[in-house]
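Asker: sequence and computational prediction follow.
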Amino acid sequence: MNDPFLQLKHSTFRRNITLQYTDRSLVRRKGLDTIRKHAYELVNERLLTYSPHDGHQTPYAGHPVFTAQHATATCCRTCLFNWHKIPLYRELTQNEIDYGVSLIMRWISNQLVS
Ligand SMILES: [Zn+2]
């Protein structure tokens, strides 16, 4: 299977997203384990099922996970479908949730060192 990170680099929009200073310091202060918990909560709250408002459920700022979601195309069910081939009209499985959170956390970790 192709590494989704390589595919995401083809998107100028997603490639140019970076974690702002305030978000990076929040991650350092809270720690990656806490941020991973937030990622699980946010994905479960906002992405578990398809909603008619799909595409608007993830703000562009306010939490490092939100920024990471746009960068990794895990921001909405339409992006999960287009980029990660996850079917739209059913609940996410635990595997899919784990997959999304792992992408989010990988992106955030990369941002801390770059
Ligand atoms: Zn999206």
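Answerer: Yep, that arrived.
Asker: how about the residues of this structure by the ion?
Answerer: 75-76, 79 (Cβ under 5 Å from the ion). All C-beta atoms are positioned from the backbone trio N, CA, C, and that covers glycine.
Asker: please list the members of these that lie in helices.
Answerer: Counting by DSSP state H, the residues of the chain next to the ion place Cys79 in helices.
Asker: top of the residues of the chain next to the ion by neighbour count?
Answerer: When neighbours are counted by other Cβ atoms under 10 Å, Cys75 leads those with 26 neighbours.
Asker: can you pull the pLDDT of that residue?
Answerer: We have a pLDDT of 97 for Cys75.
Asker: what residues does it make contact with?
Answerer: Cys75 makes contact with 55, 57-58, 66, 69, according to Cβ atoms under 8 Å, 6 or more residues apart in numbering.
Asker: sketch out the low-pLDDT regions of the protein for me.
Answerer: Residue ranges of the chain with pLDDT under 70: 1, 114.
Asker: find the residue at the geometric middle of it.
Answerer: Nearest residue to the geometric centre of the chain (Cα atoms, centre = their mean): Gln69, 2.4 Å.
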